[in-house]
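Engineer: Structure for this input, please:
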Amino acid sequence: MSIHPTAVIAEGAIVPASCTVGPFCTIGPDVHLGEDCVLVSHVVLDGHLSAGDRNRFAPFAAIGVPPQDLKYRGEPTRLVIGSDNDIREYVTISRGTPGGGGTTRIGSHCLIMCYAHIGHDSSIGDHCILANAATLAGHVTVEDYATVGALCPVHQFCRIGRYSYVGGGTTITQDVLPYSLTSAKRETHAYGLNKVGLTRRGFTPERLRALQHAFRLLLAAKLNTAQAIERLRTEGAHSEDLDYLLTFIESSHRGVLK
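Structural biologist: Numbers count the residues shown, from 1 in each chain. Here you go, the predicted model:
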């Protein structure tokens with residue numbers, strides 16, 4: 001095991017021999033790390049935190065810290081992190097609260113860039129990107145393959161749909177449509193399909209055409225949301241992508257950005 005002599009690892013923490021713990025890192029007693037994790041330097045891992053294999057924590061990241069919630073009274077809530085994540089400098093991730101389910105979750109293969117914040121009881125999927133200073137309030141859900149741009153604040157209880165792309169500096173107060181491009185430059189509205197991102201992820205031309213048609217009805221036709229959904233359902237062109245998109249809209253509690 002490679003542990004710098006200035007690192008402080010509390011009794012009870014589980015740190016496999018394959019891990020590297022750099023100078024001035026602090027690991028709390030309820031932390032459980034997987035294999036081959038790297039703490040570069042000055043990293044704080046706190047609370048009931050479990051992390052999978054091959055996670056990398058850059059300097060001054062504060063992970064598993066208490067939630068920024070005035071109702072929190074020190075209860076043993078959790079942060080669960082998957083594998084193969086790159087968590088960069090000054091990132092803060094809060095563990096959950098009893099009122100929000102008790103657990104904050106981070107998936108696998110995510111890139112969380114400098115100064116990003118993930119609030120309590122949030123859930124981040126797999127292959128997500130949070131750019132510099134993206135700020136997620138409590139209870140935010142970011143689904144698989146979504147990207148949240150730099151300097152984006154996301155309101156409590158909002159959902160960022162899978163494969164969506166939120167442009168830098170965009171304030172999110174409602175749910176972001178799956179597969180969409182959303183930007184403050186377009187008055188914080190969805191303005192089309194994330195075609196480049198979907199193509200990079202292997203979407204076939206047929207899947208892209210079906211989604212493009214759905215987005216035209218949702219965003220560009222002279223139909224309200226209910227009318228667009230009814231039109232798409234009556235056309236009979238069902239697919240996993242379309243069914244998920246329509247279910248996402250119908251299950252929204254805060255409304256969706258269109």
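Engineer: Now do the SS call for the closest residue to Glu11 other than its chain neighbours.
Structural biologist: Distance criterion C-beta to C-beta, 6 or more residues apart in numbering; nearest residue to Glu11, sequence neighbours excluded, is Pro29 at 6.1 Å. For the C-beta atoms, the positions are set from N, CA and C on the backbone; glycine is no exception. Secondary structure for Pro29, judged by DSSP: H, G, I helix; E, B strand; the rest coil, is coil.
Engineer: count of residues packed around Pro29?
Structural biologist: 13 (other C-beta atoms under 10 Å).
Engineer: Would you agree it is in contact with Ile9?
Structural biologist: No: using C-beta atoms under 8 Å, Pro29 is not in contact with Ile9; the gap is 9.0 Å.
Engineer: re earlier: for the residue nearest to Glu11, which residues are in contact?
Structural biologist: Shown in contact with Pro29 (C-beta atoms under 8 Å, 6 or more residues apart in numbering): 10-13.
Engineer: Check what pLDDT it gets.
Structural biologist: We note a pLDDT of 98 for Pro29 in this prediction.
Engineer: What of Glu187?
Structural biologist: Predicted confidence (pLDDT) for Glu187: 64.
Engineer: before we move on, what about Thr141?
Structural biologist: With respect to pLDDT, Thr141 has a value of 98.
Engineer: what sits against Ile112?
Structural biologist: Contacts of Ile112 by C-beta under 8 Å, 6+ apart are 85-88, 91, 93, 106, 118, 129-130.
Engineer: Quick check: phi and psi at it.
Structural biologist: With angles defined as degrees, to the nearest 10, Ile112 sits at phi -120, psi 110.
Engineer: what's the answer for Ala226, then?
Structural biologist: Here Ala226 shows phi and psi, under degrees, to the nearest 10, equal to phi -60, psi -40.
Engineer: Following element in sequence after the helix or strand bottoming out on mean pLDDT in the chain, please.
Structural biologist: Sorting the helices and strands of the chain by mean pLDDT, DSSP states H and E puts strand 189-193 at the bottom, at a mean of 87. Using DSSP states H and E, the helix or strand that directly follows strand 189-193 along the chain is helix 195-200.
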